[in-house]
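>>> Need a 3D model of the sequence below.
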Amino acid sequence: MLPVVSTPNRMIRGVRSGLRALLLTSALLSVGVQSAAAQTVDDGNEVASQQLNLPKDVTVFGKSDPNVRKATAIVNGRIITGTDVDQRLALIITANGGKVEEEEKERLRVQVLRNLIDETLQIQEAAANDIKVDPAEINQSYERVAANFRQSPTQFDAYLREKGSSSASIKRQIEGELAWSRLQRRNIQPFVNVSEEEVKSVVERLNAAKGSDEFRIGEIYLSATPENRAQIMANARNIIQQIQQGGSFQAYARQFSEASTAAVGGDLGWIRPAQLPTELAQAASEMQVGQIAGPIETVGGVSLIYVMDKRKVLTADPRDALLSLKQLSVLFPQGTTKEQASAKAASFAAAVKEIKGCGQANEVGAKIGADVVDNDNVKVRDLPPQLQDILTNLQVGEATPPFGSITDGVRVLVVCGRDDPASANAPNADQIMAQLEEERVNKRARIYLRDLRRDAVIEYN
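All right, here's what the predicted structure looks like:
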């Protein structure tokens, strides 16, 4: 079975998951298994040698050590400096809370350089096809990124400088994503066709699969060749370790994934295992929400997959219910001990039991000095898993048990209203056609980028 680890969920302030799943590794203990594996490798090497017409005894003249190269390159005349690499690396480190070991930084630096080379090739190819991204559009996207951090562009500029990065680095990445996306729409998408019969077949399969599991999957795809596959597998395992330690899957997908879904954090959307390649389907069917599996060897590379969510095909999911909530919260003074926090939480819990519906929430909150905040149209599935099952089973007027931490205080959620989901229907033909087209565009885009790499003139300094 593939290694599977759970990743922390940080979707709501005040909830801290203390669970850290260990990355599992398997070892070949049987001598017979080891021998068989060795034979398989030998057979594979022999086939590769025959395909390339290589001599069996190879003498290497000179030394080739990629580690002695500086992290700079010239790609078809465009210079990538060490500063470019450092600033992009700083974005990844920031996304992981600054918790990246020095040894891992060096591995990431090599991967970042590869990503910058691909990004440069994509921008150059778009320009060769008369596709240019308006700087005003780049600035608009940058403003949206800054807004996600609740900062103005000027404040975000200063924040990035403080972290060792720059606005230019993010804007370069935005330019690459926009240019590559438009190039795909011009040079690939018009030549991708999906027939009505294919769409009809998908609808029939969906109806036949009603009630079976469907997953929202995130993927990080790394291309690999027989020569560098071992190194790519090692890189993939390092990415898993960083995500396991609290790194953002979406951030790593945006920086490292070579699939077109990198721009959206690797999100493949809702799919059934049968729609995935066999290797990925087997892993997904054994996983729970919040788990990541891999590295999984696929055609042309390796993949890491992350189960973002799970539901039943064409079946209404209670987690799609929309709730109206009141949140009561009490902060602990600085320096509060664990014992003091526990006592105050117990007192808070006793007071909350007096709440008889949302009509009394404000009154009770005032008595105990709690802040009361109204939250409407909150979807259950958007809340942390620890709260989803609790809220799914609560009736209007009931409250969750207290939850929180010494740092963020203690709080409860009171259910003021619930709109249960309607019966689920199959996606319409246009949605299915769009998904099939996207899958085919993605596949051709990978081939397109592979050809750009093959034809590029790249000098390393």
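
>>> tell me the SS of D430?
Put simply, D430 is helix when judged by DSSP: H, G, I helix; E, B strand; the rest coil.

>>> That one and E196: what is the separation?
Separation of D430 from E196 (C-beta to C-beta, to the nearest Å): 11 Å. Glycine gets a C-beta too; all of them are placed from N, C-alpha and C.

>>> likewise Q231?
Separation of Q231 from E196 (C-beta to C-beta) stands at 45 Å.

>>> Wait, R272 touches K210, no?
No: the pair R272 / K210 is not scored as a contact, 11.0 Å apart, by C-beta atoms under 8 Å.

>>> what about those two, which has more around it?
Comparing R272 with K210 by neighbour count (other C-beta atoms under 10 Å), the higher total belongs to R272, at 17 against 12.

>>> Can you pull the residues that touch both of R272 and K210?
V313 (C-beta atoms under 8 Å, 6 or more residues apart in numbering).

>>> and P295, what are its phi and psi?
Dihedral pair for P295: phi -70, psi 140, per degrees, to the nearest 10.

>>> Give the helix, strand or coil label for the closest residue to it other than its chain neighbours.
Distances taken as C-beta to C-beta, 6 or more residues apart in numbering place A236 nearest to P295, at 3.6 Å, with adjacent residues excluded. When classified by three-state DSSP, A236 comes out as helix.

>>> again with Q288
The three-state label given to Q288 by three-state DSSP is coil.

>>> can you check the one 5 residues further on too?
Under three-state DSSP, A293 falls in the strand class.

>>> Looking at strand pairing, list the partners for it.
On the basis of DSSP bridges, A293 is bridged to V4, I305.

>>> Quick check, it in contact with A281.
No: look at A293 against A281 with C-beta under 8 Å: they stay out of range, at 11.5 Å.

>>> who's more crowded, these two?
With neighbours defined as other C-beta under 10 Å, A293 and A281 compare such that A293 has more, 22 against 17.

>>> list the buried ones in stretch 229-245?
Using 16 or more other C-beta atoms under 10 Å as the test for burial, stretch 229-245 gives 229, 232-233, 235-240, 242-245.

>>> From those residues, which one has the minimum pLDDT?
Across the set of these, Q245 stands lowest in pLDDT, at 81.

>>> Please tell me how far the residue nearest to P295 sits from L268.
Remark: distance between A236 and L268 (C-beta to C-beta) = 17 Å.

>>> what do you get for K210?
K210 is 21 Å from L268, by C-beta to C-beta.

>>> can you give me the helices for the stretch 151-300 of the chain?
Secondary structure of the stretch 151-300 of the chain (DSSP state H, counting those that start in this stretch): helices at 153-162, 167-187, 196-208, 229-244, 249-256, 278-285.

>>> Centroid-nearest residue for the chain?
In the chain, the C-alpha nearest the mean C-alpha coordinate belongs to Q250, at 2.8 Å (C-alpha atoms, centre = their mean).

>>> right, and that residue touches I243 too?
No: counting by C-beta under 8 Å, Q250 sits too far from I243 to count as a contact (10.0 Å).

>>> where do the helices sit along the stretch 1-150 of the chain?
Using DSSP H, counting those that start in this stretch, the helices of the stretch 1-150 of the chain run over residues 31-52, 82-95, 102-128, 135-148.

>>> Can you say which of those is nearest to K163?
Closest approach to K163 among the helices of the stretch 1-150 of the chain is made by helix 82-95 (4.7 Å; C-beta to C-beta).

>>> ok, and for the closest one, which residues are buried?
For helix 82-95, burial by neighbour count (16+ other C-beta under 10 Å) applies to 84-95.

>>> helices and strands around that helix, which ones?
Secondary-structure packing of helix 82-95 (3 or more C-beta pairs under 8 Å, 6 or more residues apart in numbering; DSSP states H and E): helix 102-128, helix 167-187, helix 249-256.

>>> where does this protein dip in pLDDT?
Low-confidence segments of the chain (pLDDT under 70): 1-71, 422-426.

>>> re earlier: single out the most deeply packed of the helices of the stretch 151-300 of the chain.
Of all those, helix 249-256 has the most neighbours on average by mean count of other C-beta atoms under 10 Å, namely a mean of 22.
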